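>>> Return a 3D structure for these sequence lines:
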Amino acid sequence: MAALYLPSLFSLFSFFIFSQLYPLYNAQSHIGSERKFEIEDDQFWKDGKPFQIIGGDLHYFRVVPQYWEDRLLRAKALGLNTIQTYVPWNLHEPRRGQYAFEGIADIISFLIHCQKLDLLVLLRAGPYICAEWDLGGFPAWVLTVEPALKLRSSDPAFTDLVAKWWKVLLPKIAPFLYSNGGPIIMVQIENEFGSYGDDRAYLHYLVQLARAHLGEDIILYTTDGGSRETLEKGTIPGDAVYSAVDFTTGDDPWPIFRLQKEFNAPGKSPPLSAEFYTGWLTHWGEKNANTDANFTAASLEKILSRNGSAVLYMVHGGTNFGFYSGANTGTNELDYKPDLTSYDYDAPVSESGDVDNAKYEAIRKVISKRSDAFVTSVPSNNKKMAYGRIQMKRIAFLLDMFNNKDLVHVVSSDYPLPMESVGQMFGFVLYMTEYTSKGNGSVLSIQKVHDRAQVFISCHREHIQERPTYLGTISRWSNRPVNIPYTGCGFTNKLYILVENMGRVNYGQYIFDRKGILSSVHVDGRELLKWKMLSIPLGNLNESSLLKVVTRKKLKNKRPPFEPAFYSGQFSIASDQISDTYISFRDWTKGIAFINDFNIGRFWPTFGPQCNLYVPAPILRAGVNTVVILELDSPNSDLYVKSVTQPDFTCGLTRSRARQSEIRLSLA
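Residues are numbered from 1 along each chain as shown. As a prediction, the model looks like this:
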């Protein structure tokens, strides 16, 4: 949607003037007293006065730009004086050497909003961020570099890429450092490195790189779990870098803060919980995470009442729009846990910006006892509208895309290639080959697939191609073979395997997470060769979609079971009725949804718990609005979705039962 990505000329001009003049104004206003943020006597000092950081994480890339100021105002009304945000490398360099700093990636405008509202900033510049974000913020194209990179290490091939990225990023943010009149008081390098490795040379390299671009005045910091082991691996001795900690909400903070002092120079260890968890993340198939409001507030009070500092993670979670949601793993790589589209995080400011809740009230009460700053009045919740039932119509079968002459990005190879190797970084790749049918049927197996492969066959008889038949699903977590029935088609069987990338691992030892088919494919033990691979052209954030290309064909709506298809519907909004809404996908199965060509994320109500996807008002428009859905399995039997006013996290089975159900389908 153009309005989302292209600010008006007046808006751009205003931001340009503000960005040039505000730092100068701020600097002039401090004539006679040096503008400085520093650490001395185990305290933070701002312009020569002791300062307590009462902050919150709020990620610009999880909020549409038109709502940045709205969400920041709600954070400020909570009593916060500081905003912490990550910088996701993959959002800003989606293709190697191609940089994006507009729309939802316009970090400069976000910093200007913070400064305008007198909010300081802790900037977590990466290059690794975790954040439940695809590949921990690394661009997917780093997985195509040969020989393979050793991520988060002093591998010269990797650090060279980091240097090139920071050479672009850091000069952009340098004018916004506090000493230059801006809001940024500290810059984090890496993130929780002590939970991953102990390559001290890598950390020193990042420090050297940051200093080269940002100078000596800015405070650099690391954040690590509050244990001796993680601090020993993730911190840098001396006073070159300040070491902050995070720990579980409810832990006694002060023994951990005393441990923190051992890893900072004398007098350089103000107690700071850089991630005070107000809630927690949720994976598909799990019960929606939540924490008690009074428990959370009481835990925060233990820190603030003794002049400790804390950053709420999250103050506002927002949404994993597009394909950027990440994933975690358990004890092994097969125990794969993809994240929800919603990143509500049970934060005091909800996914849609609501603040009328017990957690916001309880935390605000605690902060009001400590904050010397004027606490602004609390904004009302934003209006929600239910636009009712939206009738959908099937407009294209996804597997027919191989026959679409407008789609030219087909890669041929003897062997199936990873998604990244065919130039598809997110979403789906369709693999196709042919095989010989046996009279008693066959068994298909794939040793390694990331993350979910749907298997279809199509029989050709005397120039008549039958619709593909769904055989089953091979998933990363079950990896069960699929039975192929005898079709009687001789040499004319076509095999289709649609592989979905459900989000790259963002944390832990399995972070090098390529997608697609990552091994050979066998039928009855014989390796299949001569593959064609088709990238599915669905838009991500800051990317246009090619939905018009794939949805031209008019189809009758008699539905064969379990075949991925595109569905489209429309609804109208009066000019004075444009408000936030949610789209309910209850009774649908699994897929991706677009509103006015904006990717609002993944739905999977059969797995749960998320039933509804959040739709912020700025992506809607007066008049006709278009919904396009890629449903991977089977749609609502009456082919409709509903626009409703509330989130819903009551869908699906338990994770284990849902996975058992999918395994049974794959064996059917």
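
>>> which SS class is residue 496?
Under DSSP: H, G, I helix; E, B strand; the rest coil, the three-state class of residue 496 is strand.

>>> mind checking how far it is from residue 446?
Counting by Cβ to Cβ, to the nearest Å, the gap from residue 496 to residue 446 is 13 Å. Just so you know, the C-beta spots here come from the backbone N, C-alpha and C atoms, and that holds for glycine as well.

>>> Kindly report the same for residue 172.
Plainly put, residue 172 is 43 Å away from residue 446 if you go by Cβ to Cβ.

>>> more neighbours, these two?
Comparing residue 172 with residue 446 by other Cβ atoms under 10 Å, the one with more neighbours is residue 446, at 23 against 15.

>>> residues touching that one, list them.
For residue 446, the contact set (Cβ atoms under 8 Å, 6 or more residues apart in numbering) comprises 453, 474, 479, 497, 517, 519, 521-522.

>>> Check what pLDDT it gets.
Predicted confidence (pLDDT) for residue 446: 96.

>>> try the one 3 residues further on
On the pLDDT scale, residue 449 is placed at 97.

>>> Repeat that for residue 658.
Per-residue pLDDT puts residue 658 at 47.

>>> Now tell me which helix or strand of the protein has the poorest mean pLDDT.
Ranked by mean pLDDT, DSSP states H and E, the helix or strand of the chain with the weakest confidence is helix 2-5, at a mean of 36.

>>> separation between the spatially closest residue to residue 409 that is not a sequence neighbour and residue 516?
Nearest residue to residue 409, sequence neighbours excluded (Cβ to Cβ, 6 or more residues apart in numbering): residue 535, at 4.9 Å. Between residue 535 and residue 516 the distance is 10 Å, computed by Cβ to Cβ.

>>> out of those two, which sits in the busier spot?
residue 516 (25 against 21).

>>> Was I right to think that one contacts residue 419?
Yes. Under the criterion of Cβ atoms under 8 Å, residue 516 makes contact with residue 419 at 3.6 Å.

>>> who touches both of these two?
429, 499, 501.

>>> what's the spacing between the nearest residue to the last one once chain neighbours are set aside and residue 254?
The reference is to residue 501. Distance criterion Cβ to Cβ, 6+ apart; nearest residue to residue 501, sequence neighbours excluded, is residue 515 at 3.9 Å. Distance, residue 515 to residue 254, using Cβ to Cβ: 44 Å.

>>> of the two, who's got more company?
A count of neighbours by other Cβ under 10 Å puts residue 515 above the other of residue 515 and residue 254, at 27 against 13.

>>> who are the neighbours in contact with the more buried one?
Contact partners of residue 515, counting by Cβ under 8 Å, 6+ apart, are 140, 418-420, 429, 450-451, 499, 501, 504.

>>> again, but for residue 521
So residue 521 contacts 416, 431, 433, 444-446, 497, 527-528 (Cβ under 8 Å, 6+ apart).

>>> related to what we said a few turns ago, list buried residues within the contacts of residue 446.
Buried by 16 or more other Cβ atoms under 10 Å: 453, 474, 479, 497, 517, 521-522, out of the contacts of residue 446.

>>> In strands, which of those residues fall?
Using DSSP state E, the subset of the buried ones among the contacts of residue 446 located in strands is 453, 474, 497, 517, 521-522.

>>> wouldn't residue 535 be in contact with residue 420 here?
No. In this structure, residue 535 is not within contact of residue 420 by Cβ under 8 Å, at 10.7 Å.

>>> Show the pLDDT at residue 33.
Here, the pLDDT recorded for residue 33 equals 54.

>>> now residue 467
Looking at residue 467, its pLDDT stands at 85.

>>> Relative to residue 496, how far out is the closest residue to residue 474 other than its chain neighbours?
Spatially, and ignoring its direct neighbours in sequence, residue 474 is nearest to residue 453 (4.6 Å; Cβ to Cβ, 6+ apart). Look at residue 453 and residue 496: by Cβ to Cβ, they are 10 Å apart.

>>> can you pull out the strands in the stretch 51-200 of the chain?
Assigned strands in the stretch 51-200 of the chain, in chain order: 54-58, 82-86, 120-124, 184-188 (criterion: DSSP state E, counting those that start in this stretch).

>>> relative orientation of the last one and strand 82-86 in degrees?
For the pair strand 184-188 and strand 82-86, the angle between their directions (axes from the mean of the first three to the mean of the last three Cα atoms, to 10 degrees) equals 30 degrees.

>>> Identify the residues contacting the helix or strand following strand 184-188?
Following strand 184-188 in sequence order, the next helix or strand is helix 200-214 (DSSP states H and E). Identification of contacts with helix 200-214 by Cβ under 8 Å, 6+ apart yields 125, 127, 152-154, 159, 162-163, 166-167, 170-171, 173-174, 177, 187, 189-190, 193, 218, 220, 222, 234, 236, 240-241.

>>> mind saving the C-alpha coords of helix 200-214 as CSV?
Taking C-alpha atoms only, helix 200-214 is exported to CSV below (Å, rounded to 0.1, in the frame of the first residue of the first chain):
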residue,chain,number,x,y,z
ARG,A,200,36.5,-12.7,22.6
ALA,A,201,38.3,-11.6,19.4
TYR,A,202,34.9,-11.2,17.7
LEU,A,203,33.6,-8.9,20.5
HIS,A,204,36.8,-6.8,20.5
TYR,A,205,36.4,-6.4,16.7
LEU,A,206,32.8,-5.1,17.1
VAL,A,207,34.0,-2.6,19.7
GLN,A,208,36.8,-1.4,17.4
LEU,A,209,34.3,-1.1,14.5
ALA,A,210,31.7,0.8,16.6
ARG,A,211,34.3,3.2,18.0
ALA,A,212,35.6,3.9,14.5
HIS,A,213,32.2,5.2,13.4
LEU,A,214,30.7,6.5,16.7
